[in-house]
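# Fold the following.
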Amino acid sequence: MDANETTLAPTDTMASLFISHGAPTLPIEDSPARAFFSEFGNSIPRPKAIVIASAHWDTNGVSVLSGSGTLSTIHDFYGFPSELYEMQYPAPALGVLGDKVIGSLEDAGFKVELEQERGLDHGAWVPLKLMFPNADIPVAQISVNTARSPEYHWRLGRALAALKNDDYLVIGSGTMTHNLGDVGDFHGEKNNFDEVTYVEEFSRWMEARLAANETNALLEYRERAPNAKRAHPTAEHILPFYIALGAAGVSWQANLIHRSCIYGVINLDAYAFHVARDPQSH
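A predicted model of the protein is given here:
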């Protein structure tokens, strides 16, 4: 798949998703990613509930949005157009549906901290506003923990895998490459991989490992992937990927459902993780 190309792949009930949410301006600027998100929500079965892990909630442990009522919209960014700060995504909290999420995590040995006051940060509400604009599907956000390994987050996703049987949609929202220090070098002018080869090399390595079902290599991306530390100087934007991968279960196949690039260095790959048709392939 070439940069800036979108492909919608057939989805199982329910595939888990890794999505790259890009910049907060995603809802207001025309881009291939915006077009993808706007179409994709209508291409999959309607979920009963959404569990989304965002790169922008980093806690020491596992925190889950709990409670009832309407979730607030957090505008956790600065210096953007006023139109963004006026946007709201008043999705309902999971309420009693959240008990299943909490129970699944605790049964897997995770200690869960409940957060009833926090709302949805832009890593959650920005893509959800495009995918499910009516904000009528209950949502729970879970945190990442940058002090812990990709394997930890993969196991966290594994704990959520059974929720798909009850039509819960598990989403990891991060970015396939995320080096904001390099954005300024390109002044936002490039929208392809032509001049920044490390972005493509890292993304293609991840794609190849997914195609080969090489879970161990993916979990060791920091040591094995080319340019891993430049693609992710800090880990918060790649850790949601591992939650989505873990939520696929034991036998899985990955479908690249979108690829585009903004600012020359922010790669917006998105994947759907399905149950493998042939269990022997994993």
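# Name the nearest residue to A225, sequence neighbours excluded.
W205 (4.8 Å; Cβ to Cβ, 6 or more residues apart in numbering). Where you see a C-beta, it was placed from the backbone N, CA and C, and this is true even at glycine.
# the helices in the stretch 101-250 of the chain, which residues?
Counting by DSSP state H, counting those that start in this stretch, the stretch 101-250 of the chain has helices at residues 122-131, 150-160, 180-186, 197-211, 215-219, 221-224, 228-231, 239-247.
# Out of the ones you listed, which is the most enclosed?
helix 239-247 (a mean of 29; mean count of other Cβ atoms under 10 Å).
# C-terminal to it, what's the next element?
strand 252-259 (DSSP states H and E).
# Sheet-wise, list the partners of whichever helix or strand comes after that next one with their directions.
Moving toward the C-terminus from strand 252-259, the next helix or strand (DSSP H and E) is strand 261-262. Strand 261-262 has the following strand partners under DSSP bridges: strand 266-267 (antiparallel).
# what comes into contact with whichever helix or strand comes after the strand it pairs with?
For strand 266-267, the following helix or strand on the C-terminal side (DSSP H and E) is strand 270-275. For strand 270-275, contacts defined as Cβ atoms under 8 Å, 6 or more residues apart in numbering pick out 9, 11-12, 15-20, 36, 210, 241, 244-245, 247-249, 251-259.
# pLDDT score assigned to the residue nearest to A225?
For W205, the pLDDT comes out at 97.
# Please apply the same query to H282.
40.
# The residue nearest to A225 and N267: what is the separation?
12 Å (Cβ to Cβ, to the nearest Å).
# What of E236?
According to Cβ to Cβ, E236 stands 16 Å off from N267.
# higher neighbour count, these two?
Neighbour totals were compared for E236 and N267, and N267 leads with 24 against 19 (other Cβ atoms under 10 Å).
# Quick check, that one in contact with H258.
No - using Cβ atoms under 8 Å, N267 is not in contact with H258; the gap is 10.6 Å.
# what sits in contact with each of these two?
S20.
# what ranges of the stretch 101-250 of the chain fall below the confidence cut-off?
184-196 (pLDDT under 70).
# Check whether S54 sits in a helix, strand or coil.
strand (DSSP: H, G, I helix; E, B strand; the rest coil).
# how close does it sit to N213?
S54 is 26 Å from N213, by Cβ to Cβ.
# And those two? Which one has more around it.
Set S54 next to N213 and count neighbours by other Cβ under 10 Å: S54 wins out with 27 against 15.
# Quick check: bridge partners of the more buried one?
S173.
# Contacts only, for it.
Taking Cβ under 8 Å, 6+ apart, one finds 21, 120-121, 123-124, 141, 143-144, 173-174, 240 in contact with S54.
# what do you get if the cut-off is 10 Å, keeping everything else the same?
By Cβ atoms under 10 Å, 6 or more residues apart in numbering, S54 lies in contact with 21, 76, 120-127, 141-144, 171-174, 236-237, 240.
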